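# task: produce atomic coordinates for the following.
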Amino acid sequence: MSTSDLSRRAFLEMSGLAAFSGLAPGGSATLEAEAGWFDRPMRWAQLTLVEDDPARYDPQFWLDYFKRIHADAACLSAGGCVAYYPTKIRLHYRSAWMGDSDPFGKLVSGCRTLDMIVLARTDPHAAHQDVYDAHPDWIAVDAEGRKRRHWASPELWVTCALGPYNFEFMTEVHKEIMSLYKVDGIFSNRWSGSGMCYCEHCRHNFRETCGLELPRTGDPQDTRRRNYILWQQQRLFELWRLWDSEIRKINPGARFIPNTGGGALSPLDMKIVGQKADILFADRQGRRGLMAPWANGKNGKEYRAAMGRKPIGGIFSVGLEEPYRWKDSVQGEAEIRIWVADGVANGLRPWFTKFSGTLYDRRWLKVVEDIYKWHYRAERYLRNEQPLARVALVYSQQTASFYGGERAQQKLEDHTLGFYQALIEARVPFEMVHDRFLDPAHVDRFKLLILPNIAALSDVQCEQLRHYVSSGGGLLATFETSLYDEWGVRRPNIGLADLFGVTAAGPAEGPMRNSYLRIEQDPASQSYHPILAGLEDAGRIINGTWRLDVRPTAEFGHPPLTLVPSYPDLPMEMVYPRVPKTDIPGVFALQRGPSRIVYFPWDIDRAFWEVMAVDHGKLIHNAVEWATNEEKPVTVKGPGMLDVTAWRQKNSMTVHLVNLTNPMMMKGPFRELIPVAEQSVRVRLPQGARAGKVQLLVSGHSPRVEASAGYVSLAVPSILDHEVVAIDLI
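Below you'll find the model as predicted:
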């Protein structure tokens, strides 16, 4: 059976994914989790044992530490690759160092004494030689037909996630753990596979479902690849459903909690993930390479777009997260503090993870203790009910899968990262929205939606965006947004052409070199469009590297930016514009009733992420301000780079100010925290509310406050890593 002519909804119904979620495909992700333990824990601890820990480590040390830091939940190693309890299941490998002891059971008992929620951690991605000998069909196979040795531990074998090892063997493991210990849930790491598998079970099951052989290409327009993307999700959701149902038969309050989810590049449909899960954990343990320090907060926003008000933990490692895998390393204090601060500011509940119960370097212990003790004291103001942002950045898994394919990072995610960085620099509080939640219930609370090259949108999604605009919302879009349908097939015209006021006139051009945009003054009014604020005397600014050829269909007046086409950049004697002026617009801005729409037909967002040109940042900031057309809920003025978020709690509101000002912001761990000077903060109060007590939760100060109709203003004297303005509402 081929899905090439099926809609996404039809395929989901065929595969059972829609029914699996327990909700219709259009169901709300903001539904409350059913009554249970899920919302109680605020501070998580994870201890991942290594095989020789039972003979070396001190479990009482860890229990005392959990108590001291006010951890109210723990995730503890139980089984899978290595069992840390006296398992009776054949082929379930027991730690050679545990003897007749029960390391997992001892930790569970100690945590229960501390009234902690307990999750059992399993890891099914690798197996020992006896598993291979007994069931070679359980082992993953590469594209050349070879059984896969483990890349890091070659004495082990990589298991197939979609076959009997997980569906049969690990089901029994999870049932045994739940029967013996009645834990609150089972958290599985690396449960979804380690790359594509060509084993006999995968070949047979894929052929039975789709009538096709497994793909040998990553091209999402290949019929087999497109089918595989959806079939793999089907199998993983079936596995999730199986494990969850089996452990709930034993303990109805327990859940299977997969280590899964995230942004546009995540393999599982976040809409279904958000509908299924009562609680999830964002596993972005730390920075590596050129990752920005706000990436932890971004992960929180991405999960919240699917999870709504359901609790989300933010997993962070105390060790380095570089490709060389120094798992017994320890990060510096400044790096840990800024990473956790940005997660907390964006709604994540902190979860530290420590690999190995044996300590080689103890420096991190005091850092995490200080963070958790502060979090405990401030808990009342960290039980968030709703973010107060009025701007939202859309992300799209279908664009990543069916338009981006193997180049999704460059074709989609880099556009998102550019906008994210620009919004941070502009100190705009914002959220993220999944493109399968564009219905009024999810987007009407925002004044502006940003579409960073969201190229693949269905007709239904385009219609939802039209409804949003007709209801007064604004749009800001770039490059090939809506030029493709949800399967990544190019349309004859831009799907949102009527909103943008343009029509596609040709293919995308690029990569362009040495191209510019002229700053244009309106000849009639002798004024500059507000989008050009701060650029009036520039004459021209750099262009991006890719542009879509479009023609206006609406009346725009004189364009604020016009194209200067590429011209030679060598030899230097030849570097002069061959066409110094055109009438080709570089931006389209129009007002439709109360709504304002801005469309850049080029990759301003991706180019900003790559080059970080100041002029592009200004242009994005101005476009956001103009298209939003209202005052921000929070205005923060002062030096430095801050991530600004605003939240409503039951009887209060908070404004988080995370100080990202650091020479190591874009490369390498923070060496030290560098305080920023005084910040002037103006906060719009919720309608009908008045301010009571105002305090700074990190410094402990009570600032001088000036109140006016619906607003409070105050000064924050300095910020080291994180400050929280807490306002009691009366």
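# going by C-alpha atoms from here, please, whenever you check contacts or count neighbours.
OK.
# for A715, list each beta-bridge partner.
Beta-bridge partners recorded for A715 (DSSP bridges): S680.
# any idea how far P639 is from it?
Distance, A715 to P639, by CA to CA, to the nearest Å: 13 Å.
# S194 too?
For S194, the distance to P639 equals 45 Å [CA to CA].
# who has more neighbours out of those two?
Remark: of S194 and P639, S194 carries more neighbours, 15 against 11, as counted by other CA atoms under 10 Å.
# pretty sure that one contacts H125?
Yes - between S194 and H125 there is a contact under CA atoms under 8 Å: 7.2 Å.
# list the residues that are in contact with both of those two.
158, 161 (CA atoms under 8 Å, 6 or more residues apart in numbering).
# in space, what's closest to T171 - neighbours in sequence excluded?
Closest residue to T171 apart from its sequence neighbours, by CA to CA, 6 or more residues apart in numbering: W243 at 6.1 Å.
# over to T478?
F600 is the one closest to T478 (CA to CA, 6+ apart), at 4.7 Å.
# relative to E509, how far out is the one you found?
Relative to E509, and taking CA to CA, F600 is found at 14 Å.
# more neighbours: those two, which one.
Neighbour totals were compared for F600 and E509, and F600 leads with 25 against 12 (other CA under 10 Å).
# count of neighbours near the residue nearest to T171?
25.
# does it count as helix, strand or coil?
Under DSSP: H, G, I helix; E, B strand; the rest coil, W243 falls in the helix class.
# Q233 sits in which helix or strand?
Element membership for Q233, per DSSP states H and E: helix 223-250.
# how far away from the center of its chain is that helix?
21 Å (CA atoms, centre = their mean, to the nearest Å).
# which strands and helices sit next to the helix or strand that it is followed by?
Using DSSP H and E, the next helix or strand after helix 223-250 towards the C-terminus is strand 255-258. In this structure, strand 255-258 makes packing contacts with strand 185-188, helix 223-250, judged by 3 or more CA pairs under 8 Å, 6 or more residues apart in numbering; DSSP states H and E.
# and the contacts of strand 255-258?
Counting by CA under 8 Å, 6+ apart, 184-189, 191, 240, 243-244, 247-248, 277, 279-280 sit against strand 255-258.
# redo that, cut-off 10 Å
Contact with strand 255-258 is made by 38, 119-122, 174, 183-192, 240-248, 273, 276-281, as judged by CA atoms under 10 Å, 6 or more residues apart in numbering.
# do the same with stretch 566-573
Stretch 566-573 has contacts (CA under 10 Å, 6+ apart) with 512-516, 543, 545, 574-580.
# just to revisit the earlier point, so what sits against both of A715 and P639?
Common neighbours of A715 and P639 (CA under 10 Å, 6+ apart) are 678-679.
# for G286, grab phi and psi.
phi 180, psi 180 (degrees, to the nearest 10).
# start at 767, not 1
Sure, I'll start counting at 767 from here, so that last one is G1052.
# surely it meets V1084?
Yes - using CA atoms under 10 Å, G1052 makes contact with V1084 at a distance of 8.3 Å.
# give me the common contacts of these two.
Residues touching both G1052 and V1084 (CA under 10 Å, 6+ apart) are 1097, 1101-1102.
# A1192 and M882: what is the separation?
The gap separating A1192 from M882 is 41 Å, by CA to CA.
# work out for me the element L1356 sits within.
strand 1354-1358.
# pLDDT weak spots in the chain?
Applying pLDDT under 70 to the chain flags residues 767-800.
# quick one on the thing from earlier: which of the helices and strands packed on strand 1021-1024 sits most buried?
Across the helices and strands packed on strand 1021-1024, averaging neighbours per residue (mean count of other CA atoms under 10 Å) puts strand 951-954 on top, at a mean of 24.
# who touches that strand?
When contacts are defined by CA under 10 Å, 6+ apart, strand 951-954 is touched by residues 841-846, 883-891, 940-941, 943-944, 1009-1010, 1013-1014, 1017, 1019-1026, 1046-1047.
# ok, which stretches of the stretch 1167-1316 of the chain are strands?
For the stretch 1167-1316 of the chain, the strands defined by DSSP state E, counting those that start in this stretch occupy 1196-1200, 1214-1217, 1240-1244, 1268-1275, 1282-1285, 1306-1308, 1313-1318.
# packing partners of the fourth one?
The elements that strand 1268-1275 packs onto, with contact taken as 3 or more CA pairs under 10 Å, 6 or more residues apart in numbering; DSSP states H and E, are strand 1313-1318.
# after the strand it packs on comes which helix or strand?
Assigned by DSSP H and E, the successor of strand 1313-1318 is strand 1327-1330.
# give me phi/psi at N1062?
Main-chain torsions, N1062, degrees, to the nearest 10: phi -70, psi -40.
# and it, how many neighbours?
A total of 29 residues lie near N1062 under the criterion other CA under 10 Å.
# which residues touch it?
Counting by CA under 10 Å, 6+ apart, N1062 makes contact with 1048-1053, 1080-1082, 1104-1112, 1114.
# farthest residue from the center of the chain?
Distance from the C-alpha centroid of the chain peaks at E1339, with 47.4 Å (CA atoms, centre = their mean).
# and it, helix, strand or coil?
E1339 - assigned by three-state DSSP - is helix.
# would you mind measuring from it to R1317?
From E1339 to R1317 the distance is 34 Å (CA to CA).
# got it, and P1258?
14 Å.
# quick check: neighbours shared by these two?
With CA under 10 Å, 6+ apart, P1258 and R1317 have common neighbours 1269-1272.
# so what touches the helix or strand T1165 falls within?
Following DSSP H and E, one finds T1165 within helix 1163-1165. Outside helix 1163-1165, the residues that touch it by CA under 10 Å, 6+ apart are 774, 1028-1037, 1169-1171, 1174, 1177-1179, 1200-1202, 1219-1224, 1247-1248, 1250-1254.
# mind checking what secondary structure L1159 has?
Judged by three-state DSSP, the three-state class of L1159 is strand.
# report the contact partners of it.
Counting by CA under 10 Å, 6+ apart, L1159 has contacts 1067-1068, 1182, 1185-1186, 1189, 1196-1201, 1214-1218, 1242.
# now do 7 Å
Each residue near L1159 by CA atoms under 7 Å, 6 or more residues apart in numbering is listed here: 1197-1199, 1215-1217.
# most neighbours, which of those residues?
L1215 (30 neighbours).
# these two touch, right, that one and A1158?
Yes - judged on CA atoms under 7 Å, L1215 makes contact with A1158 at a distance of 5.0 Å.
# first-to-last residue distance for stretch 1166-1182?
Start and end residues of stretch 1166-1182 are separated by 11 Å (CA to CA).
# repeat that for stretch 1401-1415.
20 Å.
# off-centre distance for it?
Computed by CA atoms, centre = their mean, the chain-centroid distance of stretch 1401-1415 equals 20 Å.
# now do the buried residues in that stretch.
1401-1402, 1406-1415 (16 or more other CA atoms under 10 Å).
# and if you look at stretch 1151-1159?
Buried residues in stretch 1151-1159, defined by neighbour count with 16+ other CA under 10 Å: 1153-1159.
# and the helix holding Q999, what does it pack onto?
Applying 3 or more CA pairs under 7 Å, 6 or more residues apart in numbering; DSSP states H and E, one finds that helix 989-1016 makes contact with helix 937-947, strand 1021-1024.
# which SS class is the residue most central in space within the chain?
Centroid-nearest residue in the chain, with CA atoms, centre = their mean: N1065, separated by 3.0 Å. Following three-state DSSP, N1065 is assigned to helix.
# hmm, G1027 and it touching each other?
No - here N1065 does not reach G1027: they are 9.2 Å apart, not a contact under CA under 7 Å.
# which residue packs closest to I1220, ignoring adjacent ones?
Spatial nearest neighbour of I1220, excluding adjacent residues (CA to CA, 6+ apart): T1247 at 4.6 Å.
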